[in-house]
Structures are given as C-alpha cells and as structure tokens.
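# Below are the sequence and a predicted model for it; my questions follow.
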Amino acid sequence: MTAQFTEILHLRGEKLSLCSQPLDGYLDSAANPIKFESTSTALWRGYVGSWTIENHRLYLTKLSGNTQTDEGLKKVVLTDIFPGYPDGVFAHWYTGEMRCPQGELLKYVHGGYASSYEKDLFIDVRQGVVVGERVVENGQSESTVKKGYVLAGLTNF
C-alpha cells in the first residue's frame, strides 16, 4: 500500500497532519449518501478533510473529494454530505484516538500512515468531544531530515 495523504487538523493556531480518518464511521453509516472515488494510490479514501478543535469539540470544516457519476468524476464538498452546514459540522459520530505526527522523520514506510516521526500527538475523542491528549516521544532523527509529515511520492492521473 502507498503512503497516504493525511487529513488536516487545525489546533491551537497550528496546522497539523492528521493520520486518522474521523469521517470513516459516518461514511460507513446509512446516513451517508456518497461513495468517494480514489483518483490516486496516495488517496485511497478519495477525499481530504480539514478539521478543527474548538472548546474541546471536533469539527469537520472542509471536505474535498470526488465521486463517480454517469458523466464522470464529480467534485464533492462538505455541503454535499452535510447540507446546511457550509462552515463546519460537529463530529458527534466520532469516537477514537487521532494521531498527529510531529518533528522530523525517523523512518519512512511506503504504506498508509506507518512512517514514524520524532513525536506523536494522540488526541482521545468521545462522540466528538476531546477527553484527553498525550504526546509520545519516538526518538531523534539526524538534523538533515525534513520536519513534519511528508508524502514522499505522488502520481496523478
């Protein structure tokens, strides 16, 4: 499996890479009317979401993806899934632990979100409410390595 594009999390004024997919549970539910189409091996889920945490609550604020129609690929945005919520929707469906890698790359793995970085911020969420955070130190890399989550290669079709 190819390394995947991350989701985006805005937290305390920072833009972080989010190596979790909080929208998956909703997309798998009967409430979801859309099936996303992958346009790249680096984006098997077919979309990228932008998230924010405000007052300990997780919100999906932006969505960009594609779905297949009889006329070809159609762009999908947040209001296609959540009509009436153009500025964001509270992620009440999500319970789980979100991972945000931080620091420099320690080891690149060409699969999913398996690469390791100097630190991982884990955010524990229950029904859309943040109930805890923890940071795990994974080690230090050589000073010549780039910081943050990076997709090492991309092929567009």
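Now that the structure is in, tell me what you want to look at. Numbering: from 1, shown residues only.
# How many neighbouring residues does Arg57 have?
By other CB atoms under 10 Å, the residues close to Arg57 number 15. All C-beta atoms are positioned from the backbone trio N, CA, C, and that covers glycine.
# need the strands for the protein, in chain order.
Using DSSP state E, the strands of the chain run over 7-11, 14-18, 47-54, 57-69, 72-77, 89-90, 96-107, 116-126, 129-137.
# ok, the residue nearest to Lys35 when sequence neighbours are not counted to Val77 distance?
Using CB to CB, 6 or more residues apart in numbering and skipping the chain neighbours, the partner closest in space to Lys35 is Thr67 (6.2 Å). Remark: distance between Thr67 and Val77 (CB to CB, to the nearest Å) = 11 Å.
# These two - which one has more neighbours?
The neighbour comparison of Thr67 against Val77 (other CB under 10 Å) goes to Thr67, with 16 against 13.
# I'd guessed the more buried one sits against Pro33; true?
No: applying CB atoms under 8 Å as the test, Thr67 and Pro33 come out as separate, 9.7 Å apart.
# sorry, back to before: ok, the residue nearest to Lys35 to Phe5 distance?
17 Å.
# Quick check: phi and psi on Ala91?
Taking degrees, to the nearest 10, you get phi -90, psi 60 for the backbone angles of Ala91.
# so who does it touch?
By CB atoms under 8 Å, 6 or more residues apart in numbering, the contact set of Ala91 is Pro22, Leu23, Tyr26, Trp51, Leu58, Tyr59, Leu60, Val125, Gly128.
# change it to 7 Å
Pro22, Leu58, Tyr59, Leu60, Gly128 (CB atoms under 7 Å, 6 or more residues apart in numbering).
# For Leu43, state which of the residues you listed is nearest.
Pro22 (16.1 Å; CB to CB).
# which residues touch that closest one?
Contacts of Pro22 (CB under 7 Å, 6+ apart): Trp51, Leu58, Ala91, Tyr94, Met98.
# could the residues you listed be laid out in CSV, adding pLDDT and distance to Phe82?
Output for the contacts of Pro22, formatted as CSV (pLDDT from 0 to 100; distance: CB to CB, whole Å):
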residue, pLDDT, distance to Phe82
Trp51, 98, 13
Leu58, 98, 14
Ala91, 97, 10
Tyr94, 97, 14
Met98, 98, 20
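# That'll do, ta.
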